[in-house]
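S.K.: Based on what follows, work out the 3D shape:
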Amino acid sequence: MATPRDYAQLFEQHHVGKLVLEDLLTRYAKGPVLEGGIDGIRKSDYRAGARAVVEFIVRRTNQATGAEPPDEE
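M.R.: Okay, the predicted model is just below:
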């Protein structure tokens, strides 16, 4: 399993990793849709799932620097 240090090395210290993380944040770290009835709810749920992955990456890189406590697994 990858460690928080692995995530930090890839997404904070490697030039291409920084570009990839920025791209992921731009594409998938969007807020909920506040209109549109059931279609808006579905879109919000989809966005929440995509955002969770990006937030996981950011959380792991933060754990490497001590900015966040380690996950309890």
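
S.K.: Run a quick neighbour tally on the residue nearest to residue 65 when sequence neighbours are not counted.
M.R.: In this structure, residue 65 finds its nearest non-sequential neighbour in residue 8, 6.7 Å apart by Cβ to Cβ, 6 or more residues apart in numbering. For the C-beta atoms, the positions are set from N, CA and C on the backbone; glycine is no exception. Counted by other Cβ atoms under 10 Å, the residues lying close to residue 8 total 18.

S.K.: list the helices and strands whichever strand or helix holds residue 8 packs on?
M.R.: Residue 8 is part of helix 4-8 when elements are defined by DSSP states H and E. Helix 4-8 sits against helix 37-65, with contacts defined as 3 or more Cβ pairs under 8 Å, 6 or more residues apart in numbering; DSSP states H and E.

S.K.: Centre of the chain to the helix it packs on, how far?
M.R.: 6 Å (Cα atoms, centre = their mean, to the nearest Å).

S.K.: list the contacts for residue 40?
M.R.: 33-34 (Cβ atoms under 8 Å, 6 or more residues apart in numbering).

S.K.: residue nearest the centroid of this protein?
M.R.: residue 54 (1.4 Å; Cα atoms, centre = their mean).

S.K.: I'd assumed residue 28 was in contact with it.
M.R.: Yes - using Cβ atoms under 8 Å, residue 54 is in contact with residue 28, at 5.0 Å.

S.K.: Hmm, residue 61 and the residue nearest to residue 65 touching each other?
M.R.: Yes - using Cβ under 8 Å, residue 8 makes contact with residue 61 at a distance of 4.6 Å.

S.K.: Low-confidence stretches in this protein?
M.R.: For the chain, the stretches flagged by pLDDT under 70 are 72-73.

S.K.: ends of stretch 6-22, how far apart?
M.R.: Terminal residues of stretch 6-22 are spaced 17 Å apart (Cα to Cα, to the nearest Å).

S.K.: Lovely, talk soon.
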